[in-house]
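Asks: got a predicted structure plus its sequence, pasted below:
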Amino acid sequence: MLEAARQILRYRSLLWNLTVREIKARYRGSALGFLWSLANPLLLLAVYSLVFGFIFQQRIEGASPYPLFLICGLFPWIWISTSILEGTMSLIANAGLIRKSAFPAELLPVVSVLSNLVHFLLALPILAAALLVGRFLLGSDVGGLSFLLLPVVVVLQLPMIAGIALGLSALNVHFKDVRDLTINAMTLLFFLSPILYLLSALPEKLQLLIHLNPFTPFVLAYQEVLFHGMVPGPVRWLAMIGVSILLWALGASLFERLRDTLVEAA
Amino acid sequence: MSAPAKSRERGAERSSHGEPAIRVESLTKLYRRMAPGDRFRTLKSALLDGSLTSGLSQDKAITALRDVSFTVGRGEAFGVIGGNGSGKSTLLKIVAGILRPTSGETVADGRVAALIELGAGFHPEISGRENVYFNGSILGLGRREIDQRFDDIVAFSGLEDFIDEPVKNYSSGMYVRLGFAVAIHTDPDVLLVDEVLAVGDEAFAHRCIHRIEEFLASGRTLLFVSHGLDLVEALCDRVMWLDRGVGKLVGEPRRVVDAYRQAVAEEESRGHREEQERRLETRARDSNGTGETERWGSREAEIVAVRLIDAEGHETHLLESGRDAAVEIDVRAPAPLEDFVFGVAVNTPRGIEVWGTNTHLEGFAPRRLDGAATVRVRCPALRLAAGEYTLDVAVHAEDGAPYDYHRRALTFTVTARVRSVGLYNPEHRWEHDGGVEWKEGD
């Protein structure tokens, strides 16, 4: 797992170029450009707000206004899940590159994570605007200076997402089933994360299950720093650090194990 | 692609001093066969020890390279030749660090650039300019280094007018030109080239070869894999012949290339012999019943055997242009004949008549043919150009009524030391008067 980290640091300028290329290529030749990256999050936000906020009239203490609560968990989740899905496919998608040149393959899943992080960052003004409207025009008690901790949470989560993407991308080269497994696992984990609902609104046994989801501490932290306007407690920080290190170590060492066989199987 | 003149000094002194630039030691590479049943076993061994081939029996693995060793000196041009599937590309990819060997090791000293597929990693949606920067950084150049070389790269590719177009609008030739331009400008110490020069147009191929010669002249090292035997011979100082993953012969280019050509020709000739045996079998079957199309006649005289004889007097299917050759026909006449003509004809496989003659045309007057006999046509110097030919032989009456007419009685290959075009290879030499100077060929 150290070897993968060393490679990534050594090729950081190539990593940067790859990420820039990825972002440029995605919007080249489209009239609305990066606005498209906002379309899906906003659509999901609208649908979930409509279904849970207005049709089911969900009124939970500590989660209103509901659309604002939703956006604070949903936007980070979209970064997480698209990073992992794209990262899983990244080695197959760039098979030409790793088969035909001496290319550090570990960069590719990380590029997926970083380019999707850029999309997340580009969507932040919408999130910020929504919170400002809620706080100052609607007079809700949302947000606060704690948003300054957002970069810390993001940086803490990077190793976790990169590790998962690395491990799954290497496995996916050998077994195409991994892609379908990942898609379904991410859907399941979305509903097992307290994004659509407040964790405290669940029965205790169910809460335990939600806590087993490694993404849960991060989702809660995003909601705390963005929506609740509070600084996460020490347990939360420890959970995030622990989960992130553990999943990086697992993913990166799996990648290194499969490293020698990637090129011929891709 | 015509072969360039080797203008550089070829010799031991360029390749002998100092540490080798490339060292390959008992390199072996196995690939796993993709049998569906082995997937889970391979996953297990891949997860446990990172190998796709361990835990597989020999018949589940394909040997791409077996115990290959060689060194390439600094400043040397080393060629690798061999048939498809001989392991040439695998070897190059291992030296380039793209594939890992199953056992053995390779060391390449200095900056290595591999031209395996030019423009691998170009992104179709972004411009040529952006791709130059991106491709350059894959090949290990920093931004400033690319800035410095950018104009040279574009000038070499000849794509000044298109450099800001997305590369998806490029033709495949333009793609290759930009790819080669970037790769050669990375200023490598060791250049690995795999058959990429065949893609561009002739003019660009010449420019690439010229550039590679400059590269060699500046004392750097080339490992060159190609099917273009003339190019390999012209460009390289030493050549290795890989035969099904085994290094069969290493040495002086002319010698290795000739040995390889000889082996290929023998392989083809073996094919001819098998074909002929098959044909004889068919004929044997055909003769007791349905008529055959390749042989006909009254059999008042019967051709029993046809042989091709080379300069050493051995039976063969492989002749060398310019050397002695003969056709021998064994014939048997059950009852005495006083009217007979022997004929031979050489054709190309596509049916073009190359040469034909018979004893009647050449003024022989038949007296008597009785029992077993052998007739021989000898050419003191065979003047056929290199290629494949078929031979027809016949015995017939003077009015043309066939006794035994054998179409394609055998197939043979002619090789030539010096290549030429066409079917005829007369003895010739070049002479000159006045203001012509040249170093004569051999």
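Replies: Right, received. Where do you want to start?
Asks: quick one: find the helix or strand in chain B with the lowest mean pLDDT.
Replies: helix B:12-16 (a mean of 43; mean pLDDT, DSSP states H and E).
Asks: domain map for chain B?
Replies: B:8-22+B:72-262, B:293-415 (automatic domain parsing).
Asks: confirm B:T71 sits in a strand?
Replies: Yes - under DSSP: H, G, I helix; E, B strand; the rest coil, B:T71 sits within a strand.
Asks: what's the closest non-adjacent residue to it?
Replies: Sequence neighbours aside, B:P20 is the residue nearest to B:T71 in space, at 4.0 Å (criterion: Cβ to Cβ, 6 or more residues apart in numbering or on different chains). Every C-beta, even on glycine, is put in place using the N, C-alpha and C of the backbone.
Asks: now the element after the least confident helix or strand of chain B, going C-ward?
Replies: strand B:20-32 (DSSP states H and E).
Asks: mean confidence score for that following strand?
Replies: Average pLDDT, strand B:20-32: 89.
Asks: chain center to that strand: distance?
Replies: 23 Å (Cα atoms, centre = their mean, to the nearest Å).
Asks: show me what counts as buried in the helix or strand encompassing B:A234.
Replies: Using DSSP H and E, B:A234 falls within helix B:229-235. Neighbour counts over helix B:229-235 (16 or more other Cβ atoms under 10 Å in any protein chain shown) mark B:L229, B:L231, B:V232, B:E233, B:A234, B:L235 as buried.
Asks: next one: stretch A:70-84
Replies: Applying 16+ other Cβ under 10 Å to stretch A:70-84 flags A:70-84 as buried.
Asks: quick check, pLDDT for the residue of chain A found nearest chain B.
Replies: Of all residues in chain A, the one sitting closest to chain B is A:K100 (3.4 Å; Cβ to the nearest Cβ). A:K100 carries a pLDDT value of 79.
Asks: next one: it from B:T90, what distance?
Replies: Per Cβ to Cβ, to the nearest Å, A:K100 is found 13 Å from B:T90.
Asks: with B:H396 instead?
Replies: 56 Å.
Asks: out of the domains of chain B, which is closest to A:L209?
Replies: Of all the domains of chain B, domain B:8-22+B:72-262 sits nearest to A:L209, with 42.5 Å by Cβ to Cβ.
Asks: from the middle of its chain, how far away would that closest one be?
Replies: 19 Å.
Asks: what does chain A have sitting close to chain B?
Replies: Taking Cβ under 8 Å from any Cβ of the partner chain as the contact definition, chain A meets chain B at A:13-14, A:17-18, A:21, A:24-25, A:28-29, A:94, A:96-103, A:174-175, A:254, A:256-261, A:263-265.
Asks: so which elements touch the helix holding B:A234?
Replies: Packed against helix B:229-235 by the contact rule (3 or more Cβ pairs under 8 Å, 6 or more residues apart in numbering or on different chains; DSSP states H and E) you find strand B:77-81, helix B:202-217, strand B:221-225, helix B:253-287.
Asks: which of the ones you listed has the lowest average pLDDT?
Replies: helix B:253-287 (a mean of 75).
Asks: in it, what's buried?
Replies: For helix B:253-287, the neighbour count (16+ other Cβ under 10 Å) marks B:P253, B:V256, B:V257, B:A259, B:Y260, B:A265, B:E268, B:S269, B:H272, B:Q276, B:R279 as buried.
Asks: tell me the mean pLDDT for stretch A:220-234?
Replies: pLDDT averaged over stretch A:220-234 gives 94.
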